[in-house]
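> Fold the following for me, if possible:
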Amino acid sequence: MAAVKSEIRIEDGIVQVNELAFAGADSLERLLLPDSVREIGNYAFMNCYALREIRMPESVDRIGAGLFQNCWQLRSVRMPEGTVSLGTDMFENCHALAELWLPHSLKEAARTSLSGCRSLRAIHISPQQIEILPPSARYTAILTYMEEHAEEKSDNEDCAVIEQYVKDRQKSFLDLAINRKSTDAVRYMVMRGLIDEEALREYLNKSAATGRVEITALILDSLRHTNEDHALSEDPFQ
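Alright, predicted model coming up:
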């Protein structure tokens, strides 16, 4: 393959990026696609090891499988509205991928679409679409929502969906929030009354034992300003 520039801007008027079009372009760091692009073929950016940034316009409505496989330096991606599916191996082994925005148009995601994304800390997606995601990504999406809406008190459909997930898996979510030191997620659970006394007592003791002082302090402080129905009946440390 001929040498590839670190930044490429595809000229306007191009409607399709072919299968394997940039596969193996290991010097490519930034790729900008014009608003004319409608389709991106399978594995178009596979093994672009240095790729850090890509702009995909809203005009894109057909995206192939394995698009970003082994793009080790890719840190964040915003999938265009109109994307219907995250195909097989879409982000496989994107080790640096930390944040992902998914559109309202998404209808399905392959179980291997996010495999190997070990740094993924935030997935932005509508709560009504969470079931679309692979099981391993659902908790991340819910924690992301909880962190973004930590101060929200009003009832709405999105909150109802999230709260049902959390109630069904209360201890799992609280454990994840504490392990990630996500004070915003813990705050959401406390403010919305999603933590019962037994779970709070267990995890407050756990957080203190493992030195997560900021989480423990947050919960105790929140409880002082929470409805009495949600408050602990006694100090869990006595």
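> Every contact and neighbour count from this point should use C-alpha atoms.
Will do.
> A strand includes Thr83, no?
No: assignment of Thr83 by DSSP: H, G, I helix; E, B strand; the rest coil gives coil, placing it outside any strand.
> Tell me how many other residues crowd Glu157.
10 (other CA atoms under 10 Å).
> secondary structure element for the residue nearest in space to the middle of the chain?
Closest to where the C-alpha atoms of the chain average out (CA atoms, centre = their mean) is Ile123, at 1.5 Å. Assigned by DSSP states H and E, Ile123 belongs to strand 122-124.
> Name the next helix or strand downstream of that strand, please.
Per DSSP H and E, the helix or strand that comes after strand 122-124 is helix 135-148.
> Give the buried residues for that following helix.
Ala137, Arg138, Tyr139, Thr140, Ala141, Ile142, Leu143, Thr144, Tyr145, Met146, Glu147 (16 or more other CA atoms under 10 Å).
> quick one: the helices in the chain?
135-148, 157-168, 170-179, 183-191, 197-209, 213-224 (DSSP state H).
> For the second one, list every residue counted as buried.
Within helix 157-168, the residues that qualify as buried are Cys159, Val161, Ile162, Glu163, Tyr165, Val166, Lys167, counting by 16+ other CA under 10 Å.
> that older thread, which strands and helices lie in contact with the strand holding Ile123?
If you count contacts as 3 or more CA pairs under 8 Å, 6 or more residues apart in numbering; DSSP states H and E, strand 122-124 packs onto strand 99-101, helix 135-148.
> Which one of the ones you listed lies nearest to Ile8?
strand 99-101 (22.2 Å; CA to CA).
> Would you give the sheet partners of that closest one, along with the direction of each?
strand 76-78 (parallel), strand 122-124 (parallel) (DSSP bridges).
> Give me the residues contacting the last one.
Residues outside strand 122-124 that contact it (CA atoms under 8 Å, 6 or more residues apart in numbering) are Ala98, Glu99, Leu100, Trp101, Leu102, Ala137, Thr140, Ala141, Leu143, Thr144, Tyr145.
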